[in-house]
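Peer 1: from the sequence below, what's the structure:
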Amino acid sequence: MSFFWRMRPGRERTPFTLGRLTGQLWRFGLLEARACVFAVAIFLGLAASAVVPLPMERGDALFVYGMGMTLFFLLFSSDTWKELLLVTGFHALGLGFELVKVAIGSWTYPDLGVLAVGGVPLYSGFMYAAVGSFVCRSWRLLRLRIEGYRLWATTAVSLLIYLNFLSSGWLFDIRLALTVLLLFITLGTWVHFTVGDAEYRMPLALSFTLIAVFLWIAENIGTYFGAWVYPHQADGWEPVHLSKLWAWALLVTVCFTPVAAWKVRSSAAPLPSE
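Peer 2: Alright, predicted model coming up:
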C-alpha cells in the first residue's frame, strides 16, 4: 500500500486502518464526482433526450443543452475562462475526429438535426469536452502534480496518436507501436493526488487506463440511448466492444497532454527535464 501512499512533507503518517481506507475512498469518490459533474450533466442530457418530447430535432436540442451547461458551469462553478478555452479546444478536436470516423463508417448518428456537418451533429464534440473538463477539474480538486513527466516527448506521442486515429481508416494503423512508445516514455512518470491530509500516487499510464474504463461505461450508456450507433448495433443494442478500452486509453492521453502542458508551464516548479 505504501507504494501508492505518500504523505506530504512535514506531516506524520496516519496509521493505515480499514476505517481510514473507507473514509479516504469516500472522500476520493466525492472529489471524483465533483470532477465528473459536467460529464454527468452531458450524459444525463443524452439519456433524457431519448425519452422526453423535444420541441426540435434531438441533435439540435442536445447542442443547445450542451451550450447551456457550459455557460452554467462557467458562471456558477469554479470553472475558469482558461479551462473553458481548453474544453472548447477538446470540443474542436472531437469534432474533427468524429468527421473522419463517421465518413469511413465507424459509427453513425441517427438524429442529426440542422446543427450538423458531414453527418456529425455539433453536440458530439461535447462528449470530448466532457473528458477535458474532467481532467481540468480533477487537476484542481485533487491538487494533481506529476513527477518525472517528459513534457515534449509525451505531447509529441499524443499528437501522433490523434493523427493515427484520423488516418488509420485508409492508411496503416500504428496504434500498437504508439502504445509501446507511450508506455516507454511514461515509464517512471507518477501522478500525485491529494485526498484529505494524504497524498497518493499512481503511474501515469495506469491513470489513463482507469479513466478509459469509465469512458467505456459511459459510451455504453450513450449508445444504449441511441446517441450514436456502431455497425454491430444496427439491429439492436449490444455492448460496445472491449477493444474500445484501448482506444479510449489512448484518447485520454490526447486530452491529458494539453492540460498537463498548461499546468506544468504555469506552475512555479521548474520544467521537468526530458
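
Peer 1: could I get the contacting residues of residue 31?
Peer 2: 138, 141, 142, 195 (CB atoms under 8 Å, 6 or more residues apart in numbering). The C-beta positions use only the backbone N, C-alpha and C, and glycine is treated the same way.

Peer 1: ok, how many other residues are close to residue 123?
Peer 2: 30 (other CB atoms under 10 Å).

Peer 1: wait, doesn't it sit right on residue 59?
Peer 2: Yes. Contact criterion CB atoms under 8 Å: residue 123 and residue 59 qualify, at 6.0 Å.

Peer 1: joint contacts of these two?
Peer 2: With CB under 8 Å, 6+ apart, residue 123 and residue 59 have common neighbours residue 115.

Peer 1: what comes up buried for stretch 109-117?
Peer 2: Of the residues in stretch 109-117, 109, 111, 112, 113, 115, 116 count as buried by neighbour count, 16 or more other CB atoms under 10 Å.

Peer 1: out of the residues you listed, who's nearest residue 130?
Peer 2: Nearest to residue 130 out of those is residue 109 (CB to CB; 16.9 Å).

Peer 1: what distance do you get for the closest one to residue 72?
Peer 2: The spacing between residue 109 and residue 72, counted by CB to CB, to the nearest Å, is 25 Å.

Peer 1: what do you get for residue 40?
Peer 2: In terms of CB to CB, residue 40 sits 13 Å off from residue 72.

Peer 1: can you put the buried residues of stretch 109-117 in TSV and add pLDDT, distance to residue 233 and secondary structure?
Peer 2: As requested, those are exported to TSV (pLDDT from 0 to 100; distance: CB to CB, whole Å; DSSP: H, G, I helix; E, B strand; the rest coil):
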residue	pLDDT	distance to residue 233	secondary structure
109	88	13	coil
111	79	15	coil
112	82	17	coil
113	84	21	coil
115	92	24	coil
116	93	20	strand
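
Peer 1: which one of those sits closest to residue 172?
Peer 2: In terms of CB to CB, no member of the buried residues of stretch 109-117 lies closer to residue 172 than residue 109, at 27.4 Å.

Peer 1: surely the closest one and residue 59 touch.
Peer 2: Yes. Counting by CB under 8 Å, residue 59 is a contact partner of residue 109 at 6.9 Å.

Peer 1: which neighbours do those two share?
Peer 2: Counting by CB under 8 Å, 6+ apart, the shared contacts of residue 109 and residue 59 are 116, 121.

Peer 1: so which of the contacts of residue 31 are in strands?
Peer 2: Judged by DSSP state E, these include residue 195 as members of strands.
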